[in-house]
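Q: build the 3D model from these lines:
(chains A and B)
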Amino acid sequence: MMKFIVAANVALIAVLSIANATAQVSTHILDNGLKVIVKEDHRAPVVTSQVWYKVGSAQEYGGITGVSHILEHMMFKGTPSYPAGQFSEILARVGARDNAFTGKDYTAYFQVMAVSHLEISFQLESDRMAHLTLDAAEFAKEIEVVKEERRLRTEDNPNALTYEQFMATAFNSSAYHNPIVGWMDDLDNMQVEDLSLWYQRYYAPNNATLVVVGDVDPKQVFSLAEQYYGQLPAREVNYHKPRIEAPQVGQRRVEIKAVARLPYLLMGYKVPVLNTIEDRSEAYALAVLAGILDGGRSSRLSKYLVREQEIAASSGAGYSLYAAQDSLFLFDGTPRSGTSVDQLQAAIEAQIEQLKNELVSVAELQRVKAQVVASETYQLDSVQRQAYILGSLETVGLGWQSMQHYSREINKVDADAVRAVARKYLISDKQTIAVLTPVGEQSELAKNER
Amino acid sequence: MKVWLGVLASTLILWQSASALPQIQSWTTDDGTRVYFAPSDELAMVDVAISLDAGSERDGSLAGLSTLTHSLLDKGAANMDADAIAARFEDVGAQYGASVSLDRSMITLRSLSDETLFQSAVDTLLKVIAKPSFPQRDFEREKNRLLIAIQNGQQNPSDIISKAFYTAIYEKHPYAQSGQGSAESVQTIQRSDIEDFYQQYFIANTAVVAIVGDLTRDQAEQLATNISQALASGQPTPKDMLVADSTPKSKQEHIVFPSQQAHVRIGQLGVARGDPDYFSLYVGNHVLGGGGFTSRLVEEVRSKRGLSYSVYSYFMPLQQPGPFMIGLQTRADQAQQALQVCLDVLDKYQSEGPSEAELELSKRNIISGFPLRIDSNRDVLGYLSMIGYYQLPLSYLADFSAKIEAVSVKDVRQAFRKHIDLDSLVTVIVGNEAAAK
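A: Presented below is the predicted three-dimensional model:
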């Protein structure tokens, strides 16, 4: 067994260098400050173009939560040159897929299309970067759509409701406290003027990154970008408040009662991320730790909690080292029938204790690394995925180059480093626990919710 | 608009690319497994999908049986237990998966193409499909997990409506049953049922293997032969056929559920794979509710009235006639209004069909967007599996754009009139009492 792993790892490293050699990235910054990142991928005559703005729910404050996301919706509602409906129709005619997404740290817009239509995407996307109409009548309808989206994704989804309360408990002073979609009361009272302010404050070429991945020549992309985005003036974007979360000084716990059939447990430990950590190797060690716990079916939560102890029907762990601010090392799970949430929590914490006391095996460590290296190749199968990684890294301030360091840095992590970060960061004073307690469909709570 | 058309003409010259259709090779192994292979050496990886005639329609009275069988394949095989199997795949960075749909099941493997790594991943895959041991303890545990997954569905209005809708339109046909099964049916499944299911349906002569990636033809042939030999040869089992005149007549169902939104679904039986009207219905539905923001349903329900975040319609062609459906979710007290808007849109569309301009827009969208359908190995794998399993022509992708282009307004109108009967629509609503008013 041992011999096989060593052989496999040598081969994986050889494969890794091939994957990197094909990764051609070129960058250029326009005079107005727009950063353009181009990655060539000539496998198919397609291209994706994404514009990432450095604004998301983490910039929002009380009373206007959800404004970044609603503005994202309204970006499809027209400019003087392309009134409502035309944007979608023009892109539909050329067969483009287009959409947008809002996160804590970013708002991003994308089109995927046959490569011959890239110019149309630039024309439309640059136009709405500066000339959005923000019509009050369109807003009045769209805010209702967004409320339906919130009802669909959160209100009627007990686990999502639990996650929302969990985040609001774990984060007090930073805006990670607020859901990306916004609180319903803020949506009820949102004004189109709130969106105008947001648009003027954050939508400028110098607060954005354009990412293009596909069957393109970077020089042509740069000159097209100059032609369309280059005309837009830079604007002062100085409304940045760090909003660093106040230190957590003790364990927190919250219970959520909702109409549901199954209990659910969420647990998180405050941890720094690549962007905020003093010693970056610790962030990579935390990523490996997440892989040891939940990197595939062979990982510890599946092996011990689901299969061996039969405590969890499912259980997961995760750490995103690419957030802009300090984040959470997450655990979640659904107990198997006949087992309580408390038992599940104790079982997860026992796994954490073990990681603090004993070094992980060489075999486990190699397995996590093998999966990381392989997924670097697999992600090349999607231009969207490649652009997403480049755009998010650039937007949170890490720089797109971090992508190229990832597997090398992961490969450096050893068992001592994994144990060290478990000891340092997975501590109960930094822990938040949320428990979903199901109530029946005939309960008073269920009636009140209507 | 005018400016933009000028731009289009100039960029076409700049960037004219040859269309990049996958080169599909097909053959049958000595054991009767049909193989579809598209070589692609640009990435050092291989995707494999084995389609089996072992979908949930084979569950019989034991709904959930196929799902449970497939979840157990990697829980014990040859001399390995679940831990060993998972570790062997993951040691080489390979990704194994198994999924079940109505008509078929699919077992997939994604691996790097490096010979050592790939051989190890394939060796594990072959053991999993050839010698699953279905250990009793794993059987009990996976059964318990399936029961929990069923409970999870019962707290989710979109799962509830999906199950109710299939039950309403398929009644006694196997397509009526959920792939997960019900608490009652799953409780009754015994380990011996799993073994019997495996014996009966994991057979080489009805299996279809799709391979995309960095392999030579010789390597692909060897792989397909090994997969084929790992499966037993057996007798194909005849299917329960849908009796055409058993199509249920119009019915309305309201399932009371304490969610804030009501989920609404409208539909009836649609068409089978290979139906000559399929492309007319596909393009026609694109105008109706398949084409996102330019479709009539999105325009009327979302853009004009703000009633729903998502509203759509589609035909899902299966081996036997699959469903046609319209779906949306809205605040419960708006459910009847939204339902009426959809029925009005459908009614008008049925009588008038699309305008020339609408049809043209949809055709341009589908044809111009064609390269996006096949721009990844994963997409191509999906098409190869579909072409192979449903025995569609090998030229399916090459002919696709011409078939779309050929559809006329008249074709759409005729196809909708033939296949959609407004008097036999089934409507299901899941939501609180306000949704009924």
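Q: point out where chain B drops to low pLDDT.
A: B:1-19, B:244-248 (pLDDT under 70).
Q: return the residues in contact with the residue positioned nearest the centre of it.
A: In chain B, the residue lying closest to the centroid (CA atoms, centre = their mean) is B:Ser101, at 6.7 Å. Neighbouring residues of B:Ser101 by CB atoms under 8 Å, 6 or more residues apart in numbering or on different chains: B:55-56, B:179. (Each C-beta comes from the backbone N, C-alpha and C, glycine too.)
Q: ok, it to chain A distance?
A: 22 Å (CB to the nearest CB, to the nearest Å).
Q: who wins for most neighbours among the contacts of B:Ser101?
A: B:Gly55 (26 neighbours; other CB atoms under 10 Å in any protein chain shown).
Q: roughly how far apart are it and B:Ala98?
A: Note on B:Gly55: its distance to B:Ala98, by CB to CB, to the nearest Å, is 12 Å.
Q: just B:Met325 next, same as before
A: Distance from B:Met325 to B:Ala98, by CB to CB: 26 Å.
Q: mind checking which of the two has more residues around it?
A: Set B:Met325 next to B:Ala98 and count neighbours by other CB under 10 Å: B:Met325 wins out with 22 against 19.
Q: checking the more buried one next. Helix, strand or coil?
A: Classification of B:Met325 using DSSP: H, G, I helix; E, B strand; the rest coil returns strand.
Q: quick check, it in contact with B:Val311.
A: No: B:Met325 is beyond contact range of B:Val311, at 11.5 Å (criterion: CB atoms under 8 Å).
Q: burial count for whatever residue of the stretch 251-400 of chain A ends up closest to chain B?
A: Closest contact between the stretch 251-400 of chain A and chain B, by CB to the nearest CB, is at A:Ala374 (2.6 Å). When neighbours are counted by other CB under 10 Å, A:Ala374 registers 28.
Q: same question for the one 4 residues further on.
A: A:Tyr378: 21 surrounding residues under other CB under 10 Å.
Q: and if you look at B:Arg364?
A: 16.
Q: just the element for it, please.
A: helix B:356-368 (DSSP states H and E).
Q: how about the helices in the stretch 251-400 of chain B?
A: B:278-285, B:296-297, B:335-352, B:356-368, B:370-373, B:377-389, B:396-406 (DSSP state H, counting those that start in this stretch).
Q: can you tell me which of those is packed in deepest?
A: helix B:278-285 (a mean of 24; mean count of other CB atoms under 10 Å in any protein chain shown).
Q: is that helix in proximity to chain A?
A: No: Helix B:278-285 lies out of reach of chain A by CB under 8 Å from any CB of the partner chain, never closer than 13.3 Å.
Q: now the closest residue to chain A within the stretch 1-150 of chain B: closest residue in space that isn't a chain neighbour?
A: With CB to the nearest CB, the shortest gap between the stretch 1-150 of chain B and chain A falls at B:Gly93, namely 2.6 Å. Nearest non-adjacent residue to B:Gly93, counting by CB to CB, 6 or more residues apart in numbering or on different chains: A:Ala374, 2.6 Å away.
Q: secondary structure class for that neighbour?
A: helix.
Q: verify the stated contact: it with B:Ala94.
A: Yes: the pair A:Ala374 / B:Ala94 is scored as a contact, 7.2 Å apart, by CB under 8 Å.
Q: quick one on the thing from earlier: I'd like the distance between the residue nearest to the centre of chain B and A:Pro45.
A: Taking CB to CB, one finds B:Ser101 at 31 Å from A:Pro45.
Q: what of A:Val435?
A: Applying CB to CB to A:Val435 and A:Pro45 gives a distance of 51 Å.
Q: related to what we said a few turns ago, closest one of the contacts of B:Ser101 to B:Tyr390?
A: B:Gly55 (12.4 Å; CB to CB).
Q: look up phi and psi at that closest one.
A: phi -70, psi -180 (degrees, to the nearest 10).
Q: name the nearest residue to B:Lys163, sequence neighbours excluded.
A: B:Lys163 sits nearest to B:Ser178 (CB to CB, 6+ apart), 4.9 Å away.
Q: the helix or strand hosting B:Thr108 vs helix B:377-389, what angle?
A: Using DSSP H and E, B:Thr108 maps to strand B:105-112. On the basis of axes from the mean of the first three to the mean of the last three CA atoms, to 10 degrees, strand B:105-112 is oriented at 140 degrees to helix B:377-389.
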